[in-house]
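K.L.:
Below are the sequence and a predicted model; questions follow.
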Amino acid sequence: MNDSPIGIFDSGVGGTSIWKEIQGLMPFEDTIYLADSKNAPYGEKSEGDILTLSIKNTDLLLDMGCKMVVVACNTATTNAIDFLRRHYDVPFIGIEPAIKPAALQSKSKTVGILATRGTLSSRLFHSTSENHASGIRIVEREGSGLVPLIEKGELASDEIKALLYTFLKPMLAEGIDYLVLGCTHYPYLIPVLKEIVPETVQIIDSGEAVARQTKAILIKNGLLNGNGQKGKHVFYGNSNTKTLEKFLSDVPVDVRVSYLDF
């Protein structure tokens, strides 16, 4: 099992932001990534539909021989990971908005979170907020419309900038000093976000912490790949793979991107 790949899935290209952190921290691990773009965005689907899609993706990754599954989607994590952990024997790594570090470091005691409807409405999100943000005011905004634009590769278009201004203006008026990105697609918007928010507002996402947790769980379960050979990385998309290829064009390792109807 040590030589088996890490499986990763997301509702499209967003989870590549997580993959990049994992690959950078563990260069000897093989990975298989599923970009379920034809069903994006998950954040606007029902909890039942999100669970069905998460099961479908998990089954495919396990059929491909993966030793672990990283649910590189905030919405799928908050709505499905408890079920997945109960019904499968492999380790699962989830993605939760980085509310805890933001709450601990906030000086204004006001933290903004930009996320999908599916994440903001989930039980896991609310329990995380209650457990880790006591005494902190959380200003939530649903990033409606952002994921479809990112899936098209639009990271700095006038339309996406207009949406971000609409979402962020009320947050800034509330006095946030941390902006938590609650969707794995959103880190690709950081250059534009930095044009909108003042330098006093820190932008925080979960990627680095997820990579560290992935490595820790591999070590704990004796699954870390120790062969010393650079990892092989296969990406499958079930829609137009051009955007997926674009998001991987700057990575320093060889990747293979293929279409797969799943």
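P.N.:
That came through fine. Residues are numbered from 1 along each chain as shown.
K.L.:
what helix or strand is residue 235 on?
P.N.:
Taking DSSP states H and E as the criterion, residue 235 maps to strand 233-237.
K.L.:
same deal with residue 138?
P.N.:
Applying DSSP H and E, one finds residue 138 within strand 137-142.
K.L.:
what do you get for residue 155?
P.N.:
Applying DSSP H and E, one finds residue 155 in no helix or strand.
K.L.:
ok, now residue 170?
P.N.:
helix 158-173.
K.L.:
Which strands and helices lie in contact with that helix?
P.N.:
strand 110-115, strand 137-142, helix 146-151, helix 190-196 (3 or more Cβ pairs under 8 Å, 6 or more residues apart in numbering; DSSP states H and E). For the C-beta atoms, the positions are set from N, CA and C on the backbone; glycine is no exception.
K.L.:
Report the next helix or strand after that helix in sequence order.
P.N.:
Next along from helix 158-173, by DSSP H and E: strand 178-182.
K.L.:
Return the list of helices and strands in contact with that following strand.
P.N.:
Against strand 178-182 (3+ Cβ pairs under 8 Å, 6+ apart) you get helix 99-105, strand 110-115, strand 202-204.
K.L.:
Ok, which of those comes nearest residue 80?
P.N.:
strand 110-115 (15.8 Å; Cβ to Cβ).
K.L.:
Measure how that closest one sits relative to strand 137-142, angle-wise.
P.N.:
20 degrees (axes from the mean of the first three to the mean of the last three Cα atoms, to 10 degrees).
K.L.:
coming back round to it: relative to residue 6, which of the helices and strands packed on helix 158-173 is closest?
P.N.:
Nearest to residue 6, of these and by Cβ to Cβ, is helix 146-151 at 23.1 Å.
K.L.:
In that closest one, which residues are buried?
P.N.:
For helix 146-151, the neighbour count (16 or more other Cβ atoms under 10 Å) marks 146, 147, 149, 150, 151 as buried.
K.L.:
got the buried residues for the worst-scoring helix or strand of the chain on mean pLDDT?
P.N.:
Least confident helix or strand, the chain: helix 123-132 with a mean of 83, by mean pLDDT, DSSP states H and E. For helix 123-132, a neighbour-count test (16+ other Cβ under 10 Å) marks 124, 125, 128, 129, 132 as buried.
K.L.:
which among those residues gets closest to residue 50?
P.N.:
Once Cβ to Cβ is applied, the member of those that ends up nearest residue 50 is residue 124, at 12.0 Å.
K.L.:
can you map out the helices along the stretch 1-150 of the chain?
P.N.:
16-25, 47-63, 74-87, 99-105, 117-120, 123-132, 146-151 (DSSP state H, counting those that start in this stretch).
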